[in-house]
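Student: 3D, please:
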Amino acid sequence: MRSILSLTLCVSFAASASAGEEPRLVARSASGQIHALKSAEATGGSRKLRGGSLVLFTKRDTGAMQVLAESGTWSIPTVRISFSVVRILGVQAAGDLVYVARWQSGRIYDRAPSEPDPASGSYSVTAFRVSDGGRVASLALDARVKGFRRPSRLPQDSSGPGLLRLAPGGVELLGLRLQARAGTLQSSPAASWIELEQIGFHRSAGGPAHELSAAQVDQIFNDKGALAPEILAKLPPAAVPALVRQFRAKDQLRAPKDATPRVEVARFCASHAVLEVREPLGSNRWHHYFAIRATYLVPRGESVDARFGLAALEARFTLRVAGIGHGSSAQALTKAFGKASVIKTSQSPALRWAYYADRDLAVTIHNERVYELTRGKPAWAHSK
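Tutor: Numbers count the residues shown, from 1 in each chain. Down below sits the predicted model:
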């Protein structure tokens, strides 16, 4: 049985590589490491109809592998044909644990669905030890868990962090902060975060994730927020996504002017900030690609705020007018402000700007959500 499992996992790694996706190293320890990857269609036995993702623990001294989680579509051998669907919604390291979020359908009769009903199925999170792949705790997420926000649309399968976010002492998911304590997963309301993004800038998941103390921040970052060279040299190499490799093979990728990895604020709340070490990979048309070499969760304070410009970011993104601010829906914006005086579109349907003369406010809209409010008439609005 063990040899069959090893063969199956080897086939999965080979199929993943042939499909263009490299296994992602999620976390490692002295005794083992955990990878996440897109699985092959053939894994999981003859009843598996569609592949998804795999989360694997590998023992370092023997190379023995263990499946921690798997997603896909399976047939169920019953008199009336039926199916079961599992999606992995994220894989995130936090300390000496790796958290895996999942959605699983109930039994679906007659034919395998291309897209299951988002109102059906159940959500759960499981924490595994990086040292040996052992399960620490699991928590079913439903209406009985205070603060849980069930998505209106079913999230896509992901072998990356997906919906999971690094948070103090654990992770956050769908309105909850989750922490493994005393053999259980404990939940509390998630913090209110400002997510920083740029349309057309794509970051591929990779590298270790660490929660740092203020003293550790002083040790590994200089006064300008750059990572110490000796720390950068120890990070795993950049994971290059399949799309970027395809562009390179076809000579369709413009090399970056400066490929030096840089530290950027990915998101922040009142008490913490998440920093990413991003290595520029190149660009194609107006799309720019970066590999995340490492992620750091740091506590906010005078020194950290000054080093990473957090006070300026906070002033920029916390403005709210008539209940509208960062994260508000475009629909709520229209209801509160009415019709915009001037609208500017972009190459991407996900990005546009609006100016409201009666309020003297410019609004940046990302993916039908308010990204930023700024006071005053922008230069682009004068030319309209």
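Student: where does the chain have low pLDDT?
Tutor: For the chain, the stretches with pLDDT under 70 are 1-21, 40-46, 113-114, 384.
Student: leaving out sequence neighbours, find the closest residue to residue 70.
Tutor: residue 54 (5.4 Å; Cβ to Cβ, 6 or more residues apart in numbering). Where you see a C-beta, it was placed from the backbone N, CA and C, and this is true even at glycine.
Student: tell me what that neighbour is bridged to.
Tutor: Here residue 54 sits in beta bridges with residue 37, residue 70, as judged by DSSP bridges.
Student: neighbours of it, how many?
Tutor: Close neighbours of residue 54, defined as other Cβ atoms under 10 Å, add up to 28.
Student: that one contacts residue 48, correct?
Tutor: No: with contact defined as Cβ atoms under 8 Å, residue 54 does not reach residue 48; the gap is 11.4 Å.
Student: from residue 109, how far off is the residue of the chain positioned farthest from its centre?
Tutor: Farthest-out residue of the chain from its mean C-alpha position, per Cα atoms, centre = their mean: residue 79, at 40.2 Å. Look at residue 79 and residue 109: by Cβ to Cβ, to the nearest Å, they are 11 Å apart.
Student: kindly report the same for residue 292.
Tutor: 42 Å.
Student: of the two, which one has the most company?
Tutor: Applying other Cβ under 10 Å to residue 292 and residue 109 shows that residue 292 carries more neighbours, namely 22 against 11.
Student: gap between that one and residue 206?
Tutor: 5 Å.
Student: where along the stretch 251-384 of the chain do the strands fall?
Tutor: 262-268, 272-284, 287-299, 342-345, 351-356, 361-366, 369-375 (DSSP state E, counting those that start in this stretch).
Student: can you list those in JSON lines and add distance to residue 161?
Tutor: Shown next, in JSON lines, are the strands of the stretch 251-384 of the chain (distance: least, Cβ to Cβ, whole Å):
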{"stretch": "strand 262-268", "distance to residue 161": "11"}
{"stretch": "strand 272-284", "distance to residue 161": "11"}
{"stretch": "strand 287-299", "distance to residue 161": "9"}
{"stretch": "strand 342-345", "distance to residue 161": "31"}
{"stretch": "strand 351-356", "distance to residue 161": "23"}
{"stretch": "strand 361-366", "distance to residue 161": "19"}
{"stretch": "strand 369-375", "distance to residue 161": "20"}
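Student: quick one, which of these is nearest to residue 323?
Tutor: strand 369-375 (10.8 Å; Cβ to Cβ).
Student: in the closest one, which residues are buried?
Tutor: 369, 370, 371, 372, 373 (16 or more other Cβ atoms under 10 Å).
Student: how about stretch 151-162?
Tutor: 154, 155, 157, 158, 159, 160, 161, 162.
Student: how many other residues sit next to residue 358?
Tutor: 8.
Student: and the gap between it and residue 329?
Tutor: 21 Å.
Student: same question for residue 63.
Tutor: Between residue 63 and residue 329 the computed distance is 49 Å (Cβ to Cβ).
Student: more crowded one of these two?
Tutor: Under the neighbour definition other Cβ under 10 Å, residue 63 and residue 329 were set side by side, and residue 329 has more, 13 against 8.
Student: backbone phi and psi for residue 242, please?
Tutor: Backbone torsions of residue 242, given as degrees, to the nearest 10, read phi -60, psi -40.
Student: if you could redo that for residue 256, that was the one I meant.
Tutor: The phi and psi values for residue 256, taken as degrees, to the nearest 10, are phi -70, psi 150.
Student: residue 209 now?
Tutor: Main-chain torsions, residue 209, degrees, to the nearest 10: phi -120, psi 130.
Student: ok, now which ones touch residue 231?
Tutor: By Cβ atoms under 8 Å, 6 or more residues apart in numbering, the residues touching residue 231 are residue 220.
Student: from residue 235, how far off is residue 183?
Tutor: From residue 183 to residue 235 the distance is 32 Å (Cβ to Cβ).
Student: out of these two, which sits in the busier spot?
Tutor: Neighbour totals were compared for residue 183 and residue 235, and residue 235 leads with 16 against 8 (other Cβ under 10 Å).
Student: now that one. Nearest residue, chain neighbours left out?
Tutor: residue 293 (4.7 Å).
Student: for residue 109, see how far away that neighbour is.
Tutor: 46 Å.
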